[in-house]
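Engineer: Sequence plus the predicted model coming up.
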Amino acid sequence: MLELAVFPEKCVGCRLCELACSAAHEGKYNPKLSRIRVVTVHPVSDIPVVCVHCKKPRCLEVCPSEAIRWDKDLGIAKVDGSICVGCSTCVRECPFEAMVLHPAKNVAIKCELCGGKPKCVAACPTGALVYAEPATIDSMRKQEYAARATKGVEESVLRK
């Protein structure tokens, strides 16, 4: 199964992911309607916050109306907005703050990977969002770490 990964060090805060998401799901360019949010962490770091698609999702376990169900094909929890009562239990229970209530419809919304073709990934100009096999993501993380470590060594040598 493919996974959605965030590389926060590559995020430049352009928020194109939020716009692509809201356009895909709501037909409007409105970050408040997005299933992904870019959070600015003081002083100048931007971090995309998106559902990590837990293997045992707490949101699914606590939903009193059983509006959150497991999608076997994608291997993720999905919200049925026609059943959701907007109680926000899932929002409070999400340890990653990736679940939110739709501001107009008052139902829970979360990333559902756009049916396997995440629009946020396609819109990200820097590669901060990746949808790939777990082994590929692990390899990318190792390469990123090695590149940062090499750059750090080079910079310390130049300072001497």
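Structural biologist: Received the coordinates, thanks. Numbering: from 1, shown residues only.

Engineer: can you map out the helices along the protein?
Structural biologist: Secondary structure of the chain by DSSP state H: the helices cover 16-26, 58-62, 89-93, 119-123, 134-159.

Engineer: packing partners for the second one?
Structural biologist: With contacts taken as 3 or more Cβ pairs under 8 Å, 6 or more residues apart in numbering; DSSP states H and E, helix 58-62 sits against strand 68-71, helix 89-93. Glycine gets a C-beta too; all of them are placed from N, C-alpha and C.

Engineer: Of those, flag the one that's most buried.
Structural biologist: helix 89-93 (a mean of 18; mean count of other Cβ atoms under 10 Å).

Engineer: who's in contact with residue 111?
Structural biologist: By Cβ atoms under 8 Å, 6 or more residues apart in numbering, the residues touching residue 111 are 4, 21, 35, 36, 50, 51, 53, 98, 118, 120.

Engineer: who wins for proximity to residue 148 among the helices and strands packed on helix 58-62?
Structural biologist: helix 89-93 (34.2 Å; Cβ to Cβ).

Engineer: any idea how far the most centrally placed residue in the chain is from residue 128?
Structural biologist: Note on the chain: the residue nearest the mean C-alpha position is residue 50, at 2.0 Å, using Cα atoms, centre = their mean. Residue 50 is 11 Å from residue 128, where distance means Cβ to Cβ, to the nearest Å.
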